[in-house]
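**Q** below is the sequence, then the predicted model.
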Amino acid sequence: MNDQQRTNSISSGVVAAISAAVVAVSGSVAWFSAQTPDTPTPTNSSQTIKQPVTQQGNEQTASIYWLKSKENRLALVPQPLKIAATQPDQVLEAAFKTLLAGPSEGSDSTTIPKGTELLGIKAENNDVHVNLSENFTTGGGSSSMMGRVGQVVYTATSLNPQAKVYIDVNGKPLEVLGGEGVEIPQPLTRESFQKNYPL
C-alpha cells in the first residue's frame with residue numbers, strides 16, 4: 001500500500017511537471033507569435049530593395065547629339081542614353097559608339113561619315129580627348145563639317161557641359177577639317193562652337 005502511494009505520488013509529480021512544461025512552452029509560443037508580424041517577410045526582400053539602388057548607382061545618362069533640319073538650318077538635338085557604367089570614360093565610349101553607328105530611325109541625321117571609328121576617349125578633370133579614325137575628315141561641305149564637329153563636341157560634353165574637347169584624328173590633333181579647310185581651334189567648348197560654327 002505504501003509502495004502504491006509512492007508510485008502514485010511519483011506519477012502525479014511527473015504529470016504535474018510535464019503539464020507545467022507544456023504550459024510554459026505554449027505560453028512562450030503564444031508570446032512569440034504575438035511579437036511576430038502577421039505577414040511573413042520574404043527572405044529575398046532585402047535583395048529586391050537593394051537591387052534597383054545598385055543598378056541606379058551603376059547607371060549614368062549621357063546624351064548623343066543628332067542633327068535635325070529646322071527652318072532651313074541644322075540644329076543639334078540630344079537623345080538621352082542610359083549607360084550601365086560609372087567611369088566617365090566608359091560612359092562616353094558607349095555614347096560615341098552609338099553616335100558613330102548613326103541614328104536608327106526617325107528624322108534625326110548625322111554628318112559623321114560612315115566607317116568613322118572611335119580609337120580612344122579619355123575624360124580627365126575638365127578635359128575630354130576624343131581620338132577618331134581618318135574617315136571623320138572625309139566628304140561633305142562646310143555645313144556638314146561644322147555639323148559633325150558639333151555632334152562630337154556636344155556628345156563629349158554631355159556629362160560635363162563646361163568641359164573642353166580635344167579632337168584627334170589617328171592620334172594627331174585635328175587642325176583643319178575637310179577639303180574646304182574648316183579650321184578647328186582647340187580646345188573646343190560648347191560656347192566656342194556656338195560662336196565660331198553657326199549651323
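**A** Arrived safely, thanks for sending. Everything quoted here is computed from the prediction, not taken from an experiment.

**Q** quick one: the residue nearest to the spatial centre of the chain and residue 85, what's the gap?
**A** The centroid of the chain falls nearest to residue 59 when counting by C-alpha atoms, centre = their mean (2.2 Å). Using C-beta to C-beta, to the nearest Å, residue 59 is found at 8 Å from residue 85. All C-beta atoms are positioned from the backbone trio N, CA, C, and that covers glycine.

**Q** lowest mean pLDDT among the helices and strands, pick that one out for this structure.
**A** helix 45-57 (a mean of 33; mean pLDDT, DSSP states H and E).

**Q** and residue 64, what element?
**A** Assigned by DSSP states H and E, residue 64 belongs to strand 60-70.

**Q** what comes up buried for the helix or strand following that strand?
**A** Downstream of strand 60-70, the first helix or strand assigned by DSSP H and E is strand 73-83. For strand 73-83, burial by neighbour count (16 or more other C-beta atoms under 10 Å) applies to 74, 76-77, 79, 81, 83.

**Q** tell me what angle strand 73-83 forms with strand 60-70.
**A** Strand 73-83 runs at 160 degrees relative to strand 60-70, counting by axes from the mean of the first three to the mean of the last three C-alpha atoms, to 10 degrees.

**Q** got a list of contacts for strand 73-83?
**A** Here strand 73-83 makes contact (C-beta atoms under 8 Å, 6 or more residues apart in numbering) with 59-69, 90-91, 94-95, 98, 108, 143, 147, 150-151, 154, 158, 199.
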